[in-house]
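Enquirer: Have a look; sequence and predicted model below, questions after that.
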Amino acid sequence: MKRIYTLLGIILFSFWGTNAQEANKCDINLSLEHDYINARKYDEALGYWNQLIKDCPKHSEAIYADGIKIFKYKYKKAHKAGDKAKEQEYLNKLTGLYDQWIANFPNSKNLAKVYHDKGLHLLNNKLANKEQLYEIFSKGYKLDKNKFTNPKAIYGYFDAAVAMYKNNKLTFEQLIDLYDNLEASLDKTSEKYTLMMEDLQKKEEAGQLMKKEERKLKAIRKNLPVYAIVAKNMDNILGELGDCTHLVPLYKRTFEANKDNPSWLRKAASNLSKKDCSNDPIFEKLVVQLDKIEPSYNSAYFLGILKEKKGNINTAINYYKKAINLSNKAYDKAKIYYKLARLAEKRGQKSQARTYAYKALEYKPSMGSAYLLIGRLYARSANDCGTDEFSKRATYWLAASMADKAARVDPAVAKSARKIAAAYRAKAPSKTDIFMKGMAGKKIPMKCWIGTSVTVPNK
């Protein structure tokens, strides 16, 4: 018996020893391969990677992450060389790698991101139909909504969902629910990058930006407008399905089942408001119920909209101010102050409108629309703020400076703001006017509600 136990011990030691050697070999190859990946020497990494995928497919998720980097590089190289056959080979290889990753690591914390990235890969390269895309994106989204931040993935997912609805594979309620959730993802991610941009812009103004931060700020300014574009495109592909004739019956039909769900009430009221359906009685019903079960920033804001629609402006303003006090989020406050600024602008209350606009900017320094509003107020006051033609037209320099600020802080309005600034300057005194009057570099007081001065350009 002792001899049998000894023999078993030798066999087990041999088994575990072999496994340990294999694992050690996998670790060594992965380390060598990864060094080449970090150095972007993908061709040199490929040999080690091939050995890893053959001998150690379940050893580490890094094998798949690195493999995707290698074959994306290979695809770009083939594309540049115009080698269509190789392009297709590498695209197929990438698809297979995503599938292997999912199969070999079914409980991975990264699984939502893998589905997300696979969907993007198939979408970008037109390798799947919309039903297939919907299935893949849905798996990733249901696993972890927080991983679903890429605007193109969000658009592709919703586009596929609209197709599924039109093929009777989704209900209208399911489609609108997904629309609400994806729009919330866009808003959340956009807000995150806006806050990062504002912090970097403060450092930029103070001359404290490092090179790495400069690159980051440049990238954010370039990519941030995409989120608004995707939101608009989602509305476009939703089309008439998102208008009052479809939304109002939906919320009337489903109100009773959801009247005690504040999240549903908020989304429903938000959609009706955004689509200008707030004149329908169901909007009032939703808003009153929301305020009853959960008095909040949202309910006060929607009640303000309701009163504004009915022409009760002073009551609406009171609700908007209540909404400001009920929220602890800076961007909520900025949104309401801007709305108050617009209301004051419409009522001809220029000084009050400017005050509200600057309050909005306190809470959201990158709100270019607030600077543009102030610029409009100045431009429309040109005839009221000077003693002669030159000083009246000088008001346009102030207006232009506001448009310049809008372009500087808000990439979403930068292009239009620069055009507006140029249009204002075209109305200001010309170089000849400045020379003839001998006004270069002088300050002109704005003796009106503006209450400041403008410096005449030297050039």
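Expert: Nice, I can see it. All values derive from a computational prediction rather than experimental measurement.
Enquirer: The least confident helix or strand in the chain by mean pLDDT: what's the following helix or strand?
Expert: Ranked by mean pLDDT, DSSP states H and E, the weakest helix or strand in the chain is helix 2-38, scoring a mean of 64. Using DSSP states H and E, the helix or strand that directly follows helix 2-38 along the chain is helix 42-55.
Enquirer: Please name every helix or strand in contact with the following helix or strand past that following helix.
Expert: With elements assigned by DSSP H and E, the helix or strand that comes after helix 42-55 is helix 62-81. Secondary-structure packing of helix 62-81 (3 or more CB pairs under 8 Å, 6 or more residues apart in numbering; DSSP states H and E): helix 2-38, helix 42-55, helix 84-104. For every residue, glycine as well, the C-beta is placed using N, CA and C.
Enquirer: Next, the angle from the shortest one to helix 84-104.
Expert: Relative orientation of helix 42-55 with respect to helix 84-104: 40 degrees, computed using axes from the mean of the first three to the mean of the last three CA atoms, to 10 degrees.
Enquirer: mind listing what's buried in helix 42-55?
Expert: Buried residues in helix 42-55, counted by 16 or more other CB atoms under 10 Å: 42, 45-46, 48-49, 51-53.
Enquirer: what's the most distant pair in those residues?
Expert: Using CB to CB, the buried residues of helix 42-55 span at most 15.4 Å, a distance reached by 42 and 51.
Enquirer: tell me the contacts of the most centrally placed residue in the chain?
Expert: Nearest to the geometric centre of the chain sits residue 190, at 2.9 Å (CA atoms, centre = their mean). Listed by CB atoms under 8 Å, 6 or more residues apart in numbering, the contact set of residue 190 reads 224, 227-228.
Enquirer: Narrow those residues to those in strands?
Expert: In strands, judged by DSSP state E, none of these are found.
Enquirer: Which one of those residues sits in the busiest neighbourhood?
Expert: Of all the contacts of residue 190, residue 227 has the most neighbours under the rule other CB atoms under 10 Å, reaching 22 neighbours.
Enquirer: measure it to residue 105 for me?
Expert: Taking CB to CB, to the nearest Å as the measure, residue 227 falls 31 Å from residue 105.
Enquirer: need the buried residues of helix 42-55 in a markdown table with pLDDT and distance to residue 377, can you?
Expert: Converted to a markdown table, those look like this (pLDDT from 0 to 100; distance: CB to CB, whole Å):
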| residue | pLDDT | distance to residue 377 |
| --- | --- | --- |
| 42 | 95 | 57 |
| 45 | 93 | 60 |
| 46 | 94 | 63 |
| 48 | 93 | 65 |
| 49 | 93 | 62 |
| 51 | 93 | 69 |
| 52 | 93 | 65 |
| 53 | 94 | 64 |
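Enquirer: any idea which of the contacts of residue 190 is the one closest to residue 408?
Expert: Among the contacts of residue 190, residue 224 lies closest to residue 408 (CB to CB), at 13.8 Å.
Enquirer: Strands along this protein, start to end?
Expert: Remark: strands assigned in the chain by DSSP E are 443-445, 453-455.
Enquirer: so which of the ones you listed comes closest to residue 417?
Expert: Nearest to residue 417, of all the strands of the chain, is strand 453-455, at 18.8 Å by CB to CB.
Enquirer: Let me see the mean pLDDT of the closest one.
Expert: The average pLDDT for strand 453-455 rounds to 93.
Enquirer: mind checking how far it is from the chain centre?
Expert: In this view, strand 453-455 has its centroid 38 Å away from the chain centroid, taken as CA atoms, centre = their mean, to the nearest Å.
Enquirer: Residue ranges in the protein under the pLDDT threshold?
Expert: Residue ranges of the chain with pLDDT under 70: 1-23.
Enquirer: May I see the buried residues of stretch 166-173?
Expert: Of the residues in stretch 166-173, residue 170 count as buried by neighbour count, 16+ other CB under 10 Å.
Enquirer: mind checking the end-to-end distance for it?
Expert: End-to-end distance for stretch 166-173, by CA to CA, to the nearest Å: 13 Å.
Enquirer: Contacts for it, please.
Expert: Contacts to stretch 166-173, defined as CB under 8 Å, 6+ apart, come from residues 131, 161, 164-165, 178, 241, 246, 250, 254.
Enquirer: What of stretch 125-135?
Expert: So stretch 125-135 is in contact with 91, 95, 119, 121-123, 136, 156-157, 159-161, 163-164, 167, 169, going by CB under 8 Å, 6+ apart.
Enquirer: Generate a ChimeraX selection restricted to the buried entries among these.
Expert: In ChimeraX, this line selects whichever of those come out buried by 16+ other CB under 10 Å:
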select :91,95,119,121,122,123,136,156,157,159,160,161,163,164
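Enquirer: Mark which of the contacts of stretch 125-135 are part of helices, please.
Expert: Among the contacts of stretch 125-135, the members falling in helices (DSSP state H) are 91, 95, 119, 121-123, 136, 156-157, 159-161, 163-164.
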